[in-house]
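*Asks:* Next input, structure requested:
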Amino acid sequence: MFIATLIATDGSLVPEISDRARLALAEAGCAPVVGRWIDEGYALDLAFAADPGTARAVLEPMADVVVQPEAGRAKRLLVADMDSTMITIECIDELADYAGIKAEIAEVTERAMRGELDFEAALDARVALLKDLDAAAIDRCHVERVQIMAGAKPLIRTMKAHGARCVLVSGGFTVFADRVAADIGFDRALSNTLGVADGKLTGTVARPIVGAATKRETLVAEAAAMGIDLSETLAVGDGANDIPMIQAAGLGVAYHAKPRTAAAAGARIDRGDLTALLYAQGYARKDWVE
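*Replies:* From the prediction side, this is the model:
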């Protein structure tokens with residue numbers, strides 16, 4: 001059996017959506033059974049027998065929806081992106097603002113996240129433009145600009161409370177990722193190291209670059225170290241460099257993602273916050289660690 005979970009993290013699911021969703025699944029030949037609320041108004045589970053791709057297509061217009069096998073929905077490993085996923089900003093764009101070149105760098109960031117540019121080359125080019133920026137801008141940016149994404153803390157803390165391991169893997173920078181990971185509660189953080197000398201950015205990034213391949217490799221290696229199957233893993237991100245890990249995970253989620261990433265993912269969250277990933281795993285609000 002499969003489970004389709006309809007999710008509205010603002011509590012806006014109407015009671016009659018259960019009947020509407022069951023009818024849509026029945027008309028699509030998916031043989032649904034009676035729905036079950038995880039939290040009324042917030043998340044509804046519908047079990048069905050066949051054709052998960054069709055089920056997703058007919059239900060997505062109604063709400064955020066995650067379709068997956070019923071067995072093993074609570075994952076034992078989460079690997080997550082940082083910028084625009086676990087936090088609300090792209091850190092390199094905000095650093096660029098302190099240098100007075102945000103518009104120039106943000107355009108390149110957007111194209112890289114859409115998969116229109118090579119990630120490593122685009123990162124090098126953007127960081128080079130930050131050469132000689134006062135390193136004090138890093139701490140200022142963290143204090144003034146970094147905001148944790150809604151739902152990030154309960155997502156990570158609840159999964160860990162239920163025995164999962166959580167890893168942050170970012171194409172961004174350690175000066176932000178290490179602090180974000182500690183604040184949210186991740187077990188490990190992996191990211192890129194900005195060059196700093198004499199109190200200024202050098203315009204360089206240490207090698208090797210943490211990019212798409214590293215993200216996927218980290219997911220696979222962490223699962224192997226835990227002795228678990230990839231079906232027991234969850235990956236979430238928003239950009240093109242997240243696609244390989246999203247596609248390798250048991251449940252790969254595109255979160256408010258760029259079009260190419262959304263199209264490549266097995267599930268996408270376009271409307272709600274990160275607590276949608278708790279509902280996708282079957283955790284009711286009473287089970288969350290806030």
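*Asks:* When you work out contacts or count neighbours from here on, use the C-alpha atoms and nothing else.
*Replies:* Fine.
*Asks:* strands paired with the longest strand along the chain, and their directions?
*Replies:* Ranked by residue count and defined by DSSP state E, the top strand of the chain is strand 165-173. Counting by DSSP bridges, the strands paired with strand 165-173 are strand 77-80 (parallel), strand 188-192 (parallel).
*Asks:* which one of those strands is the most hemmed in?
*Replies:* Stretch with highest mean neighbour count among the strands paired with strand 165-173: strand 77-80 (a mean of 27; mean count of other CA atoms under 10 Å).
*Asks:* quick one: contacts of that one?
*Replies:* Strand 77-80 has contacts (CA atoms under 8 Å, 6 or more residues apart in numbering) with 86, 164-170, 219, 222-223, 232-237.
*Asks:* mean confidence for that strand?
*Replies:* For strand 77-80, mean pLDDT rounds to 99.
*Asks:* Dump that strand to PDB, keeping only the CA atoms.
*Replies:* Extracted C-alpha coordinates of strand 77-80, given in PDB (Å, rounded to 0.1, in the frame of the first residue of the first chain):
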ATOM      1  CA  LEU A  77      18.500   9.800   8.400                       C
ATOM      2  CA  LEU A  78      17.900  13.400   7.200                       C
ATOM      3  CA  VAL A  79      20.300  15.300   5.000                       C
ATOM      4  CA  ALA A  80      19.400  18.900   4.400                       C
END
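*Asks:* Check which element follows it along the chain.
*Replies:* Proceeding N to C from strand 77-80, the next assigned helix or strand is helix 91-98, under DSSP states H and E.
*Asks:* ok, then the element right after that next one?
*Replies:* Using DSSP H and E, the helix or strand that follows helix 91-98 in sequence is helix 102-113.
*Asks:* buried sites along whichever helix or strand comes after that next one?
*Replies:* As assigned by DSSP H and E, the chain's next helix or strand after helix 102-113 is helix 119-128. Within helix 119-128, the residues scored as buried using 16 or more other CA atoms under 10 Å are 119-120, 122-123, 126-127.
*Asks:* how does this protein divide up, domain by domain?
*Replies:* The chain breaks down by automatic domain parsing into domains covering 1-71, 74-290.
*Asks:* sorry, back to before: out of the buried residues of helix 119-128, which one sits closest to I101?
*Replies:* R126 (10.0 Å; CA to CA).
*Asks:* Now do the contacts for that closest one.
*Replies:* 92, 105, 108.
*Asks:* okay, now the first one: neighbour count?
*Replies:* Neighbour count for I92, taken as other CA atoms under 10 Å: 21.
*Asks:* what does the model give the spatially closest residue to it that is not a sequence neighbour for pLDDT?
*Replies:* Residue nearest to I92 in three dimensions, not counting chain neighbours: G172, with 7.3 Å by CA to CA, 6 or more residues apart in numbering. Listed pLDDT for G172 reads 97.
*Asks:* Quick check: mean pLDDT of stretch 52-59?
*Replies:* For stretch 52-59, mean pLDDT rounds to 96.
*Asks:* which residues pair with A4 across the strands?
*Replies:* In this entry, A4 is beta-bridged to L46, V67, by DSSP bridges.
*Asks:* can I assume it is in contact with M62?
*Replies:* No. If you go by CA atoms under 8 Å, A4 and M62 don't touch, sitting 12.0 Å apart.
*Asks:* which of those two has more neighbours?
*Replies:* A4 (25 against 14).
*Asks:* Contacts only, for the more buried one.
*Replies:* By CA under 8 Å, 6+ apart, the residues touching A4 are 45-48, 55-56, 65-68.
*Asks:* likewise G41?
*Replies:* 8, 11-15.
*Asks:* most surrounded residue in those residues?
*Replies:* Most surrounded of these: other CA under 10 Å gives A8, at 24 neighbours.
*Asks:* which residues touch the spatially closest residue to that residue that is not a sequence neighbour?
*Replies:* Leaving out its chain neighbours, the residue that sits closest to A8 by CA to CA, 6+ apart is Y42, at 4.9 Å. The contact partners of Y42, by CA under 8 Å, 6+ apart, come to 7-13.
*Asks:* List just the nearest of those residues to G29.
*Replies:* I7 (22.1 Å).
*Asks:* Once you drop chain neighbours, what's closest to P244?
*Replies:* Closest residue to P244 apart from its sequence neighbours, by CA to CA, 6+ apart: R216 at 5.6 Å.
*Asks:* Okay, that neighbour and A224: tell me how far apart.
*Replies:* Separation of R216 from A224 (CA to CA, to the nearest Å): 12 Å.
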